[in-house]
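**Q** sequence? don't have it. structure:
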Ligand code: FES
């Protein structure tokens, strides 16, 4: 069996992978919101980098459920998402607020296996 794994934290430390959807269900160069165990998770298909990322969907600035609709891009090579409301920007690798203002966001490991997307949950 072959699969691709991506980033955050070390995937070998993940004990529970949760199915999030088929890879083809996710828009290229954008995000989708998926409900996992009652929590909104933003999953990003960063196709131009050949990478996937996941984070909480709630923006810590004004608690808007919006990050999945944010603009993705890169800053000095680091993938990031900008909230569509007030453009607060977060690293998709570390969750750090790149404006140095709001709290960091929670980010999750993602793996794609045989066309299915999984989030490292625990
Ligand atoms: S609610 Fe996200 S930047 Fe303000």
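**A** Yes, it's here. Quick caveat: nothing in here was measured; it's all calculated off a predicted structure.
**Q** show the pLDDT at residue 10.
**A** Model confidence at residue 10, given as pLDDT, is 60.
**Q** next: residue 2.
**A** Model confidence at residue 2, given as pLDDT, is 40.
**Q** ok, and the closest non-adjacent residue to residue 33?
**A** When the adjacent residues along the chain are set aside, residue 33 lies closest to residue 68, with 4.0 Å between them (CB to CB, 6 or more residues apart in numbering). Quick note: C-beta positions are derived from backbone N, CA and C, even for glycine.
**Q** could you do residue 52 as well?
**A** residue 110 (4.1 Å).
**Q** show me what the residue nearest the centre of the chain bridges to in the sheet.
**A** Central residue of the chain (CA atoms, centre = their mean): residue 54, 1.8 Å from the mean position. The partner list for residue 54 in beta bridges (DSSP bridges) reads residue 43, residue 108.
**Q** OK, contacts around it?
**A** The neighbours of residue 54, taking CB atoms under 8 Å, 6 or more residues apart in numbering as the test, are 20, 41-44, 107-110, 119.
**Q** 10 Å - rerun?
**A** Residues near residue 54 by CB atoms under 10 Å, 6 or more residues apart in numbering: 6-8, 20, 31, 34, 36, 41-44, 68, 92, 106-110, 117-121.
**Q** please state the offset of the strand or helix carrying residue 41 from the chain centre?
**A** In this structure, residue 41 is located in strand 39-46 according to DSSP states H and E. Centre-to-centre, strand 39-46 and its host chain are 4 Å apart (CA atoms, centre = their mean, to the nearest Å).
**Q** what about that strand, average pLDDT?
**A** Along strand 39-46, the predicted local confidence has a mean pLDDT of 97.
**Q** by contact count, what packs against it?
**A** For strand 39-46, the elements it packs on are strand 17-22, strand 30-36, strand 51-56, strand 71-75, strand 78-82, strand 107-108, strand 110-113, strand 116-120, judged by 3 or more CB pairs under 10 Å, 6 or more residues apart in numbering; DSSP states H and E.
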